[in-house]
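Visitor: can you look at this prediction? I've put the sequence above it.
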Amino acid sequence: MKLLMHTCCAPCSVYCIDSLRDEGIEPTVYWFNPNIHPYTEYKARRDCLKEYTKSINVEAIFEDDYGLDKFCKNVVDSLETRCQDYCYPVRLEQTAKYAKEHGFDTITTTLLVSPYQKHDVIKKLGEVIAKKYGLDFLYRDFRVGFKVGQAKARELGLYIQKYCGCIFSERGRYLGEDFQPPKLPEGFEFLPVNPSINIRKERENKEQYLELLLEADPSEEIVRKYLADGDLFVLTYKDEPVCVSVVTKVDNDTVELKNIATKENYRGKGYGKKMIKYLADNYKPRYKNMIVGTTENNIPFYVKQGFDKYEKTIKNFFIDNYNEELWDGNMQCVDMYYYSKDLIKK
């Protein structure tokens, strides 16, 4: 097999290349992305891919075609369906043409790694276009390794884009009008970044975690109330639940982190930070902000996790809502301090 792999960026290529190499397949990377705008973004993604492929000894071919004029002319009458009508086929078609002219027998694309793309549309287009040129289309559901690839990309310091590519997806990143939650097959799960650590949303028997939640909030009445209405997340280490959190909806723009608790013998190991990072990633496609109410002692911790905007103080909250005095170390808990985290900004 001589494989030409259309590639939209370096981070998306990470898992695709690694998994193909594990199969004994050596891909040739092919850059052709006239749908990426503005030019500064186009250049950042292209140059990062050049550096990355060179660093891992992967052959790469770069066809420069910024393509703004063509893009605008071709999508102006079908903005809502621009991905399947133009962005996908123009790139797959050019990949197939180049493959046919230069002795490749198979094509594929890193678009198959993203849960935010129209996966089934890409698969069907790839198969039809490959057949048109007498080629094979190598289909892999690379989405299982999306988080693994992104985590490795961050570790390597690769440039990670904040939107799909075209100027309309850039607009949608700020206005929230373009985003559609990823639709994954039933039973589909991402490969965990660390096989020993897993975070999941618990939908049944949430009260089994009540004891651990009470370590962070000692009022059973209050905990039961937000636990019933909220989303419960459980972080496990080697199949043992070590950190739990509850998130509730405030309004259409905001969710609140109501509780996060880590087992005593696992504290100080970064599990709380991992949980907050996961929660932010989970909610940012649908909400703009996450708020948290905390004691004075814990303000520095939350500020470090991105809750860096002070919102309000509820005076005497812990005195008025709890039957007994609450202490955090050597400080009595009196006021509740609210801080927010912007889920959209970098």
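Guide: On my side now, so go ahead.

Visitor: isn't Asn298 right up against Asp328?
Guide: Yes: using CB atoms under 8 Å, Asn298 is in contact with Asp328, at 7.1 Å. Quick note: C-beta positions are derived from backbone N, CA and C, even for glycine.

Visitor: with neighbour numbers in mind, choose between these two.
Guide: Asn298 (16 against 13; other CB atoms under 10 Å).

Visitor: so for the more buried one, what's the pLDDT?
Guide: Confidence at Asn298, expressed as pLDDT, is 92.

Visitor: please report how far it lies from Glu51.
Guide: 41 Å (CB to CB, to the nearest Å).

Visitor: repeat that for Asp105.
Guide: 29 Å.

Visitor: kindly report the same for Arg143.
Guide: Note on Arg143: its distance to Glu51, by CB to CB, is 25 Å.

Visitor: of these two, give the one with the bigger neighbour count.
Guide: Neighbour comparison, Arg143 and Glu51: the larger count goes to Arg143, with 21 against 12 (by other CB under 10 Å).

Visitor: that one contacts Val113, doesn't it?
Guide: Yes: using CB under 8 Å, Arg143 and Val113 qualify as a contacting pair, with a distance of 6.1 Å.

Visitor: over to the nearest residue to Phe307 once chain neighbours are set aside: give its phi and psi.
Guide: By the measure of CB to CB, 6 or more residues apart in numbering, the closest residue to Phe307 outside its immediate chain neighbours is Tyr339, 4.0 Å from it. Backbone torsions for Tyr339, taken as degrees, to the nearest 10, come to phi -130, psi 150.

Visitor: ok now do Tyr339, which residues does it touch?
Guide: Tyr339 is in contact with Ile291, Val292, Thr294, Ile299, Tyr302, Val303, Phe307, Asp308, Lys309, Tyr310, Glu311, counting by CB atoms under 8 Å, 6 or more residues apart in numbering.

Visitor: Tyr338 is in contact with the first one, correct?
Guide: Going back to what we said before, that points to Ile291. Yes: the pair Ile291 and Tyr338 qualifies as a contact (CB under 8 Å) at a distance of 5.8 Å.

Visitor: element containing the spatially most central residue of the chain?
Guide: Among the residues of the chain, Asp281 comes closest to the average C-alpha position under CA atoms, centre = their mean, at 5.5 Å. Assessed by DSSP states H and E, Asp281 sits inside helix 271-283.

Visitor: for the helix or strand just after that helix, which strands pair with it and how are they oriented?
Guide: Once helix 271-283 ends, the next helix or strand along the chain (criterion: DSSP H and E) is strand 289-294. Sheet pairing for strand 289-294, assigned by DSSP bridges, gives strand 254-262 (parallel), strand 336-342 (antiparallel).

Visitor: what angle do the first one and helix 271-283 make?
Guide: Orientation note: strand 254-262 sits at an angle of 150 degrees relative to helix 271-283 (axes from the mean of the first three to the mean of the last three CA atoms, to 10 degrees).

Visitor: contacts for strand 254-262?
Guide: Among residues not part of strand 254-262, those counted as contacts by CB under 8 Å, 6+ apart are 212-213, 215-217, 223, 226, 230, 242-250, 271-272, 275-276, 279, 283, 287-293, 340.

Visitor: list the buried residues of it.
Guide: Counting neighbours by 16 or more other CB atoms under 10 Å, one finds that the buried residues in strand 254-262 are Thr254, Val255, Glu256, Leu257, Lys258, Asn259, Ile260, Ala261, Thr262.

Visitor: and the first one, what are its bridge partners?
Guide: Beta-bridge partners of Thr254, counted by DSSP bridges, are Asn289.

Visitor: for it, give its distance to Gly145.
Guide: In this structure, Thr254 and Gly145 are separated by 32 Å, where distance is defined by CB to CB.

Visitor: isn't Glu325 right up against Met331?
Guide: No: with contacts defined as CB under 8 Å, Glu325 does not count as touching Met331, sitting 11.2 Å away.

Visitor: which residues do Ile291 and Tyr338 both contact?
Guide: Residues touching both Ile291 and Tyr338 (CB under 8 Å, 6+ apart) are Glu311.

Visitor: state the distance from the nearest residue to Val75 once chain neighbours are set aside to Tyr88.
Guide: Across the structure, with CB to CB, 6+ apart as the measure, the residue nearest Val75 apart from its sequence neighbours is Arg82 (4.0 Å). Remark: distance between Arg82 and Tyr88 (CB to CB) = 9 Å.

Visitor: who has more neighbours out of these two?
Guide: Set side by side, Arg82 and Tyr88 give different neighbour counts by other CB under 10 Å, the larger being at Tyr88 (23 against 19).

Visitor: residues in contact with the more buried one?
Guide: Leu111, Lys118, Val121, Ile122, Leu125.

Visitor: out of these, who's the most crowded?
Guide: The contacts of Tyr88, ranked by neighbours (other CB under 10 Å): first place Leu111, 27 neighbours.

Visitor: show me the contacts for it.
Guide: The contact partners of Leu111, by CB under 8 Å, 6+ apart, come to His6, Cys8, Cys12, Tyr88, Arg91, Gln117, Ile122.

Visitor: can you check Val246 too?
Guide: Applying CB under 8 Å, 6+ apart, one finds that Val246 lies in contact with Leu213, Val223, Tyr226, Leu227, Gly230, Asp231, Leu232, Phe233, Leu257, Lys258, Asn259, Ile260.

Visitor: what of Leu135?
Guide: Ala96, Ala99, Lys100, Phe104, Asp105, Thr106, Ile107.
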